[in-house]
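Undergrad: Fold the following for me, if possible:
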Amino acid sequence: MKKIFFCLFLLHSLGIAAEPELAKEKSSCPSWLTQTLPKLHSSDQVDICKVSQGKVVLIVNTASQCGFTPQFKQLEQLYQRYKDQGFTIIGFPSDSFYQEHDDAQKTATVCYQNYGVSFPMVASSKVRGSKSNAVFKHLAQTKVAPKWNFYKYLINQQGKVVDYFVSTTEPMNGKIEQQIQQLLKHSADKP
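TA: I've put the predicted structure just below:
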């Protein structure tokens, strides 16, 4: 009987000791990234903190019926090139500029089937104005609200918005990729 109480006490002690670690892990994300949002055309959720924590992140407001929609191809290439080095992309489909399907299945078809997107995509939401989601409210306060689809926001490993890029800035072989490389290199240089 003493062994059972000792085991229960030990388990209880370990549980209490683990709770601060869990809280510490969650709290290392800034509050604006501590969001759980529905995944695009799925019953699953995307824990923004979990997918972005300690990574270089590119947040993009997307639309599947826009002249910039083909940028999904370059975004996916960028994701594949750097995902194993501590980089991710999070796509935020939005009809804020009236170029997104009303049907999530159609949006998902464009993203997943037409362009082979494998980076996290959340369900469609507002990205400008008073009804914008919490992530884009922060981006608007920190840098600028998107003025069109495919604005791109670069976030460092600590969750700080370091730069943004307008719709015409292509994801590959230019400013965006150079800054991603610099942020990843800076992280790799740290002991």
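Undergrad: So which residue is dead centre in this protein?
TA: Centroid check for the chain by CA atoms, centre = their mean gives I90 as the closest residue, at 3.3 Å.
Undergrad: Show the secondary-structure elements that the helix or strand harbouring it is packed against.
TA: Here I90 sits within strand 87-93, counting by DSSP states H and E. Judged by 3 or more CB pairs under 8 Å, 6 or more residues apart in numbering; DSSP states H and E, strand 87-93 is in contact with helix 48-52, strand 56-62, helix 71-82. All C-beta atoms are positioned from the backbone trio N, CA, C, and that covers glycine.
Undergrad: Out of these, which gets nearest to Y164?
TA: Among the helices and strands packed on strand 87-93, strand 56-62 comes nearest to Y164, with 9.2 Å by CB to CB.
Undergrad: mind listing what that closest one pairs with, with the direction of each?
TA: Taking DSSP bridges as the criterion, strand 56-62 forms sheet pairs with strand 87-93 (parallel), strand 152-155 (antiparallel).
Undergrad: All the helices of the protein, residue numbers only.
TA: Listed in chain order, the helices of the chain (DSSP state H) span 2-27, 48-52, 71-82, 104-108, 134-142, 175-189.
Undergrad: Lowest average confidence across the ones you listed, which one?
TA: Of all these, mean pLDDT reaches its minimum on helix 2-27 (a mean of 44).
Undergrad: Excluding chain neighbours, what is closest to I59?
TA: Spatially, and ignoring its direct neighbours in sequence, I59 is nearest to Y153 (4.5 Å; CB to CB, 6 or more residues apart in numbering).
Undergrad: what does K106 give?
TA: Using CB to CB, 6+ apart, the closest residue to K106 is S64 (7.0 Å).
Undergrad: go on, K73?
TA: Counting by CB to CB, 6+ apart, the residue nearest K73 is Y115, at 5.6 Å.
Undergrad: And the pLDDT at that neighbour?
TA: We have a pLDDT of 98 for Y115.
Undergrad: what residues are up against it?
TA: Going by CB atoms under 8 Å, 6 or more residues apart in numbering, Y115 touches 69-70, 72-73, 76.
Undergrad: do I155 as well
TA: Shown in contact with I155 (CB under 8 Å, 6+ apart): 33, 52, 56-59, 161-162.
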